[in-house]
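>>> What follows is a predicted structure for the sequence shown.
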Amino acid sequence: QAYNCLIHFYKRMRSLLFLHCPIRNLTNYRYKIPSYLCTAKLCSTMTLKDNSAVLSGLRKVMKDKRYVQEPLAAYIVPSCDAHNSEYLADVDTRREAVSGFSGSAGTAIVTQSQALMWTDGRYHLQAVKEMDINWTLMKDGLADTPSQADWLCTSLGSGQVGVDPMMMGATAWSVLAERLESSGLQLVPVETNLVDLAWAMNVSNPQPARPESQVFPLEMQFTGRSWQDKVEEVRRNLKEKGAAVLILSALDDVAWMLNLRGSDIAFNPVFFSYAAVTEKEVVLFINPAQVTEQVRHALTTEDMGESVIIRDYQTIKDYISSTVASTAGKIWLSDTASQGLVCLVPLKRRLLRVTPIALMKNIKNPVELAGFDACHDRDSAALCQYFCWLERTIDQGEITEITGADRLEKFRAEQEHFMGLSFPSISSVGPNGAIIHYRPAPDTARPITRTELYLLDSGAQYRDGTTDVTRTIHLGTPTLHEKECFTRVLKGMIGLATAVFPNKTKGHCLDSFARQHLWQVGLDYLHGTGHGVGSFLNVHEGPSGISWRVYPNDPGLQAGMILSDEPGYYEDGNFGIRIETLVKVVEVKTKFTMPSKSTFLTFEPVTVVPIQAKMILAELMTQQELDWLNGYHQTCRDRVGPVLKQMGRTEALEWLFRETQPIG
């Protein structure tokens with residue numbers, strides 16, 4: 001208590017004196033705290049959200065026998081929705097509502113006396129800044145951080161641990177339940193979401209309504225395949241696996257299979273739905289108010305062929321139960337499907353594995369690949385316009401992280417087929433760049449100046465594809481240290497981009513290609529190196545990826561996949577550096593061949609935005625790396641130049657040619 005009083009006194013004095021520096025190293029003075037643990041009460045550089053009312057309400061309903069059979073020892077609040085989505089509609093931001101932490105990944109555990117948040121290295125700094133005094137950060141990814149299950153088993157003597165079964169995957173549920181049981185604890189389903197109940201008590205900031213935006217069909221010129229063709233491939237998979245039905249619960253799986261898009265979740269063109277495919281029918285579970293006549297027509301086959309049956313979103317559980325009762329085959333659900341759905345299927349009839357749709361959409365067809373190239377040409381033109389404008393106007397008046405990002409969005413909105421952003425722009429200056437998934441806010445936005453690094457990670461949704469690009473620039477004179485760090489990150493990006501590897505190599509086997517030059521001088525970054533990208537869908541798309549972690553459903557890299565190549569380096573309190581280019585997997589001819597591995601692959605850039613030459617220490621680059629960079633910049637000229645010329649953007653075109661002059 002004395003320690004807490006000291007902290008409160010320090011923060012009060014800081015506010016009175018208008019001191020805005022973070023409270024650093026305070027943990028070293030009184031207690032030795034494990035490196036994985038950081039209490040939110042120890043540092044803050046921004047206005048904290050007051051979520052104490054929701055947290056207090058949650059603790060009350062954890063003991064309310066109208067909702068639980070006996071008082072819960074702990075309640076788990078995952079960060080997903082009922083579809084295991086990464087990005088959420090406002091109505092589903094339960095973890096943020098109770099904790100204040102807005103990052104896209106993290107799990108909260110609440111007891112009557114403690115509130116803890118597990119999140120990975122991308123969000124450590126952000127979580128500390130956003131959570132209030134009630135919360136403790138558990139730094140997931142560090143060697144000495146206990147897992148959620150280990151913490152529960154060692155911290156709770158006995159009792160029940162509750163969670164909404166629609167918010168936890170069945171696989172994760174089974175693993176956690178077994179671990180808790182071994183320590184005398186019980187994982188129990190709580191059918192009524194307790195955060196929703198607590199949120200409803202907060203009259204000053206009530207839970208938003210579920211969105212009901214209208215869905216729209218995506219034309220064949222963008223999809224390259226009809227929904228009927230995709231369904232037939234699914235049915236071939238069903239037959240091979242002896243399954244009676246495939247239940248799709250991931251929102252992007254449903255949207256891709258049926259060639260539909262929506263806007264229920266910001267930045268993600270998806271809509272709340274489930275789908276089922278059997279040998280004889282295709283069923284879409286959706287709020288009927290979201291279905292237009294245009295959608296009904298798109299889901300109807302001409303000449304009295306098959307049409308998609310539309311049922312209410314809320315009837316998915318009844319459908320699964322009736323299918324179990326009326327069929328004898330396996331019920332195929334994704335291994336990420338919720339426990340709330342999977343528990344409806346008898347154990348012997350469950351087929352829990354990655355869906356065929358997830359694998360089908362991961363490998364882009366020729367039309368989708370052409371769309372990716374086309375939308376990236378236009379998107380890169382918008383970025384060239386923005387950087388040109390920034391250089392020209394930075395001395396004429398203050399441009400902040402927010403106003404800069406807003407101007408970039410205007411440039412993008414001028415492009416054909418623009419539908420919106422693909423995620424909130426990470427427009428970050430100086431120390432804000434060290435917050436990996438930073439999002440500027442009025443109380444944190446720094447001015448873009450000629451004295452600090454500017455990291456811009458942004459992307460857009462176009463009807464013909466999705467973009468995601470990061471460039472780090474300096475509008476003045478970078479330090480030698482900044483240039484060396486940048487150059488080592490660039491060498492890593494090129495190292496991965498030029499890698500040659502056998503067909504179906506797992507992504508984790510390539511991760512060190514991007515880190516090796518940082519490792520040589522004792523540096524690293526706390527995030528993965530690459531993620532899949534959807535085709536006018538989610539900017540983060542599985543099941544493939546490139547990381548030190550093993551992706552459980554990684555099918556191995558194959559021609560036609562689109563991934564990001566994005567190493568970085570982040571120096572807390574100073575700057576962040578990331579260079580991200582989307583690449584497509586293509587076949588490559590090798591000097592030799594062998595029967596067992598006849599197909600080799602490499603990457604080809606899709607993003608065509610120049611990499612700032614002034615940030616590069618050419619003496620650290622090999623001739624092969626310089627040749628690649630010069631070739632890449634020529635590609636930028638060849639693809640983006642015609643777009644800018646057609647638009648009449650003479651200044652941006654001149655900027656493009658100036659920034660792509662050969663190096664070395």
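Everything's here; your move.
>>> Looks to me like Ala108 is in a strand.
Yes - assigned with DSSP: H, G, I helix; E, B strand; the rest coil, Ala108 falls within a strand.
>>> for the closest residue in space to it that isn't next to it in sequence, phi and psi?
The shortest distance from Ala108 to any non-neighbouring residue, by Cβ to Cβ, 6 or more residues apart in numbering, is to Val77 (4.1 Å). Where C-beta positions appear, they are placed from N, C-alpha and C, glycine not excepted. Dihedral pair for Val77: phi -120, psi 100, per degrees, to the nearest 10.
>>> how deep is Val77 tucked in, by neighbour count?
24 (other Cβ atoms under 10 Å).
>>> Please apply the same query to the one 10 residues further on.
Other residues within reach of Tyr87 by the criterion other Cβ under 10 Å amount to 21.
>>> same thing with Pro346?
Close neighbours of Pro346, defined as other Cβ under 10 Å, add up to 9.
>>> Repeat that for Leu185.
Using other Cβ under 10 Å, Leu185 has 22 neighbouring residues.
>>> per-residue pLDDT, it?
For Leu185, the pLDDT comes out at 97.
>>> which of the residues in stretch 620-631 are buried?
For stretch 620-631, burial by neighbour count (16 or more other Cβ atoms under 10 Å) applies to Met621, Glu625, Leu626, Trp628, Leu629.
>>> ditto for stretch 105-112
Using 16+ other Cβ under 10 Å as the test for burial, stretch 105-112 gives Ala105, Gly106, Thr107, Ala108, Ile109, Val110, Thr111.
>>> Just to be sure, Ile331 is in a strand?
Yes - read with three-state DSSP, Ile331 is one of the residues of a strand.
>>> Please determine how far the spatially most central residue of the chain is located from Gly530.
For the chain, the residue whose C-alpha lies nearest the mean C-alpha position (Cα atoms, centre = their mean) is His540; its distance is 4.8 Å. Look at His540 and Gly530: by Cβ to Cβ, to the nearest Å, they are 11 Å apart.
>>> now do Thr223
25 Å.
>>> Which strands or helices does the top strand by length along the chain pack on?
Identified as the longest strand of the chain according to DSSP state E is strand 581-588. Secondary-structure packing of strand 581-588 (3 or more Cβ pairs under 8 Å, 6 or more residues apart in numbering; DSSP states H and E): helix 366-393, helix 480-497, strand 562-565, strand 600-605.
>>> and the last one, what's its mean pLDDT?
Rounded to a whole number, the mean pLDDT of strand 600-605 is 98.
>>> which secondary structure elements does it contact?
Against strand 600-605 (3+ Cβ pairs under 8 Å, 6+ apart) you get helix 480-497, strand 501-502, strand 581-588.
>>> after the shortest one, next one along is what?
I take that to be strand 501-502. helix 511-519 (DSSP states H and E).
>>> quick check, distance from that next one to the centre of its chain.
Offset of helix 511-519 from its chain centre (Cα atoms, centre = their mean, to the nearest Å): 22 Å.
>>> What's the local residue count around Gln520?
Using other Cβ under 10 Å: Gln520 sits among 10 other residues.
>>> Can you check the pLDDT for the closest residue to it other than its chain neighbours?
Nearest non-adjacent residue to Gln520, counting by Cβ to Cβ, 6+ apart: Arg488, 7.7 Å away. We have a pLDDT of 98 for Arg488.
>>> how many neighbours does Arg488 have?
The number of residues packed near Arg488 is 23, by other Cβ under 10 Å.
>>> residues in contact with it?
His517, Leu518, Gln520, Val521, Leu523, Tyr569, Leu620 (Cβ atoms under 8 Å, 6 or more residues apart in numbering).
>>> Go again with 10 Å.
With contacts defined as Cβ atoms under 10 Å, 6 or more residues apart in numbering, Arg488 is in contact with 515-521, 523, 567, 569, 577, 617, 620.
>>> hmm, back to that, looking at the helices and strands packed on strand 600-605, which is buried most?
Among those, helix 480-497 has the highest mean neighbour count (mean count of other Cβ atoms under 10 Å), at a mean of 21.
>>> Just the angle for it relative to helix 511-519, thanks.
Using axes from the mean of the first three to the mean of the last three Cα atoms, to 10 degrees, the inter-axis angle of helix 480-497 relative to helix 511-519 is 160 degrees.
>>> which one among the contacts of Arg488 gets closest to Gln294?
Distances from Gln294 to the contacts of Arg488, taken as Cβ to Cβ, are shortest for Pro567 (43.5 Å).
>>> wait, doesn't that closest one sit right on Ser547?
No - in this structure, Pro567 is not within contact of Ser547 by Cβ atoms under 10 Å, at 11.4 Å.
>>> Could you tell me which residues touch both of the two?
Asp511, His527, Gly528, Thr529, Gly530.
>>> From these, pick the one nearest Lys230.
Nearest to Lys230 out of the shared contacts of Pro567 and Ser547 is Gly530 (Cβ to Cβ; 25.8 Å).
>>> Around that closest one, how many other residues sit close by?
For Gly530, using other Cβ under 10 Å, the count is 26.
>>> Look up the closest residue to it, ignoring the ones flanking it.
Among residues not flanking Gly530 along the chain, Ile546 sits closest, at 3.4 Å (Cβ to Cβ, 6+ apart).
>>> so that neighbour makes contact with Ala497?
No - with contact defined as Cβ under 10 Å, Ile546 does not reach Ala497; the gap is 11.3 Å.
>>> picking up where we left off before, export the helices and strands packed on strand 581-588 to JSON lines and tack on distance to Pro356?
Shown next, in JSON lines, are these (distance: least, Cβ to Cβ, whole Å):
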{"stretch": "helix 366-393", "distance to Pro356": "17"}
{"stretch": "helix 480-497", "distance to Pro356": "29"}
{"stretch": "strand 562-565", "distance to Pro356": "19"}
{"stretch": "strand 600-605", "distance to Pro356": "22"}
